[in-house]
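>>> predicted coordinates and the sequence they were generated for:
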Amino acid sequence: MTPFSTPVPANTPAAPDPQAQARNRLAWALLALVPLFALAGLATGTRGLSLEAFWADLQGEQAGLILGQIRAPRTLGAALVGALLGLGGALAQGLFRNPLADPYLLGSAAGAGLAVVLVLAGAALAGTTLSLATVAWLERVGLVLAAFAGALAGVALTLALAQGAVHTLRLLLAGVVVAVLLGALSDLVTVASPDALRGKQAFMLGSTSFLGWQAVALLAAGSALLTVLALRSARALDALTLGEDSAASLGVALPRMRLLLVVLLAGATALAVAHAGLVAFVGLVAPHLVRRHAPGAHAWLLGASAAMGAALLLAADVVSRAVIAPQELPVGVVTAVIGGVYLFVLLRRRGLG
Amino acid sequence: MLNPSSVWRSPAVVLRLALLFCLLALGAGAGAAPFVLRDDRGTEHRFDAPPRRIITLLPSLTESVAVLGGSPRLVGVDRYSNWPAELAALPRLGGLDDALIEAIVTLKPDVVLASTSARSIDRLEALGFKVLRLKSETHADVRRTLSVLAQLLGTPDEGERLWARLQREIAAAAQRVPPALKGQRVYFEIGGGPYAAGRSSFIGETLSALGMDNIVPADLGPFPKLNPEYVVRARPDLVMGVAREQAALVARPGWGSIPALAHKRLCAFDTPRYEMLIRPGPRMGEAAAAMADCLAALAPR
Amino acid sequence: MKPANRIDRTTGTAPLLQCQGLHVALGGQPVLHGVDLDLASGWTAIVGPNGAGKSTLLRALAGLQPVSQGEVRLGGDPLRLMPAAQRARRLAWLAQGGQTSGELNVRETVQLGRIAQRGLLGALDADDARAVAHAMHETGCTAWASRPLHALSGGERQRVLLARVLATEAPLLLLDEPTTHLDAPHQVALARLFSRLARGTTAQGARRAVVTVLHDLPIALHADRVVVMQAGRVLAEGTPAEASLHRALEQVFDHAVQVRPGPQRAQVSLAIDED
């Protein structure tokens, strides 16, 4: 009675792998959908999603301006922001081993929000002392820089409060505390400065309205760097699924690895939030969708989540521009609706695992 | 020469005095008679007398009450109300969405004036306070609001009188707009969404009264959030907005191609004047004047 | 301190893993009160009642538990000073309970064991594939290579996690309750596997030292050495045939078990019938 001793011939063909097949299917689907949605983004303008209008625009004399300078960078920017959020979400879900983690968990959203509000309030004050052009420039460039720096600062504060990335639970709790604290500070500032309140509301809802080629260049460079670094940590994330002690027994330097993951998460989130504001749910839904329909190791999960995030935000951007054209919905509202519906359907079907 | 004791015996004088007395009595009585006001949500509010203690939660309503002579009756305003200066000492009661309910209740107002879209005000109504909800998106709204407020203050004619004055001020401003600029298409930005003031908004109607056109037609509503592409395609002749943001507009993707921005055909209003422009209240005439001044200063092409 | 070159009576080799005067506290509560242990190659079973500190001792031996007093030495080198990567090549640890998250399949999980040899960034080559295949074969997981881990039963998952440990090719294996969730046939198979590993008669060939924390006494008594723990101390240790060990077992388990010498090994029975 030795169930283990049945010899297996060395060259048995591998059993069919349904997970690998699912991954293939999803990869092909995303490969098709992302360019398709991007095309839809190019074709969505003041008359909504209209191929006819797109064709006319393409041939019109303003093609270079409308398509080249406004729609193309905006669409590309939306794809990159979505990819960053998807990547951040996958990193957060792997780091916290929780399928409902999102990239805003460690105080990055609260930090960015506070920084934006401070810049807006400061610009309102400075309007009386500095020249208007300077203030305007400061506000534009400053907002991007501020959101980026603020997101990183929020995460740094969380790390400090949690005394390093040593304990995952402590990190999570510290993130909650920081979010509440910074949110309160932000509210205080908006009470004092109505201009800041207006700007903050726009920021909170998320918008791709003014993404230009400069923003796209920054987003592309940042995404490339972060993706490379994230893929290098994929195996560590896999090892973490065995449990933290088992991963440590394999020689994985856990505190250093956790810190690296937190930094990558902060970087991805900060870059996305700085350019498009607080877009809701993409960072949660993209990796969750990949996990449910095409699970696998993190080397796959990270890349697929990024691609899925790009597809989701591209689609949401098209909807936000097309639904009440020539008016626009803030893209964060559309993603919130998508996210809410998705979670609702999930709850109805079965557990959220 | 009139003998004082004989005045009372002159029937003509007695009659005039009696008439005067009756009119005065009627006048005072009219002020004391109960009246019903219908607000913009359709709710009817019954007042036994003009309220003595008024709270306003919208700057335009504050200004309207002040100009209609109701300043002495104001006991509290919202945090964004900053005109006229004599109201600076009044307690600030938060904004529309975060009104300080307790503070309002402590002040024991007879009526609270708010816009139609304030959420937190429902609490006040539940507590039994009279909340008058007034919409202010178009000129017609402003006229109606002034009328309602004038009735509220017991001086029902003041509303129309003020409105007539505003009309005159706007017409006077229209005279100062250079003919070469008349009919040019304006883009008035209200915040960086970009949100625009459309033709059907009160700002748009003022612009129309000044003889200007608007790139945002009436069917898009008073304050639509536009696809930035729309503005670029529309190529407005003039751009108006708050000075702080105007300088940055040309840096938006594709906006450098808008001739108005490239040639600096901008009306960049400083913050106090911008606030006056975006408040649908008694300073609309001054607002029209400010717009006309800017237009006059822009040398026609 | 016992001399580091003390010769082990059963297998005749130098101690592989040593701890001396080990004190460990968990959450302020002392759990281990001065444990001295010399472990040589072969299969050692650590037994004792609940709360005796067996898992804690194993974790300390694996270098996963901070020690308040005392020292652990691996082949004579202090564990505390050893870089994690080097330690991972020399010993492998199996957690109790077999909880995993994520969506890896069986082969990918077993492949994680190769991190001990290749690090996080090293590419996997034919040697790694062979080690993974051996590990899966020894634990009977080969047929499930593509199945997701969470689709397996508790017992099946336990075997995959054991394969993961085997795939590290570490010469010392520290296994915490490896027979949990397994039914009798599979427990037997596992016990035989431990013996083969200890003797070096598996397909892979190398002799490994296996240290298992076990609740199951009959299996434990098939090991080469048994260590009996009670209340954070080592009460007794010896070969399974020694009568002193039998008495220690009966004492430690409150005489709920009876251990008698048997034809080949000791026999254990539960004293359920009341007199």
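Received it, and whenever you're ready, just let me know what you need.
>>> residue A:121 reaches residue A:198, doesn't it?
No - the pair residue A:121 / residue A:198 is not scored as a contact, 11.0 Å apart, by CB atoms under 8 Å. For glycine as for every other residue, the C-beta is placed from the backbone atoms N, C-alpha and C.
>>> compare those two (neighbour count), which wins?
When residue A:121 and residue A:198 are compared for neighbours, residue A:121 comes out ahead with 21 against 17, by other CB atoms under 10 Å in any protein chain shown.
>>> enumerate every residue touching that one.
Neighbouring residues of residue A:121 by CB atoms under 8 Å, 6 or more residues apart in numbering or on different chains: A:189-190, A:192-193, A:195-196.
>>> which of those come close to chain B?
Within the set of the contacts of residue A:121, contact with chain B (CB under 8 Å from any CB of the partner chain) is found for residue A:195.
>>> quick one: which of the contacts of residue A:121 sit in helices?
Using DSSP state H, the subset of these located in helices is A:189-190, A:192, A:195-196.
>>> are any of those residues buried, and if so which?
With burial judged by 16 or more other CB atoms under 10 Å in any protein chain shown, the buried subset of the ones in helices among the contacts of residue A:121 is A:189-190, A:195-196.
>>> among the residues you listed, which pair sits farthest apart?
Using CB to CB, those span at most 10.6 Å, a distance reached by A:189 and A:195.
>>> would you turn the ones in helices among the contacts of residue A:121 into JSON lines with pLDDT and distance to chain C?
Output for those, formatted as JSON lines (pLDDT from 0 to 100; distance: CB to the nearest CB, whole Å):
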{"residue": "A:189", "pLDDT": "88", "distance to chain C": "40"}
{"residue": "A:190", "pLDDT": "83", "distance to chain C": "40"}
{"residue": "A:192", "pLDDT": "77", "distance to chain C": "45"}
{"residue": "A:195", "pLDDT": "70", "distance to chain C": "46"}
{"residue": "A:196", "pLDDT": "75", "distance to chain C": "42"}
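>>> adding distance to residue B:149, write the residues you listed out as JSON lines.
What follows is the ones in helices among the contacts of residue A:121, written out as JSON lines (distance: CB to CB, whole Å):
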{"residue": "A:189", "distance to residue B:149": "33"}
{"residue": "A:190", "distance to residue B:149": "29"}
{"residue": "A:192", "distance to residue B:149": "30"}
{"residue": "A:195", "distance to residue B:149": "28"}
{"residue": "A:196", "distance to residue B:149": "31"}
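>>> from the residues you listed, which is closest to residue C:113?
Checking the ones in helices among the contacts of residue A:121 against residue C:113 with CB to CB, the nearest one is residue A:189 at 52.6 Å.
>>> so what's the closest one up against?
With contact taken as CB under 8 Å, 6+ apart, residue A:189 is in contact with A:114, A:117-118, A:121, A:196.
>>> show me where the stretch 151-300 of chain B has strands.
Secondary structure of the stretch 151-300 of chain B (DSSP state E, counting those that start in this stretch): strands at B:185-188, B:213-214, B:238-242, B:266-269.
>>> looking at those, which is closest to residue B:100?
strand B:238-242 (27.6 Å).
>>> pull up the pairing partners for that closest one, direction included.
With DSSP bridges as the test, strand B:238-242 is paired with strand B:185-188 (parallel), strand B:266-269 (parallel).
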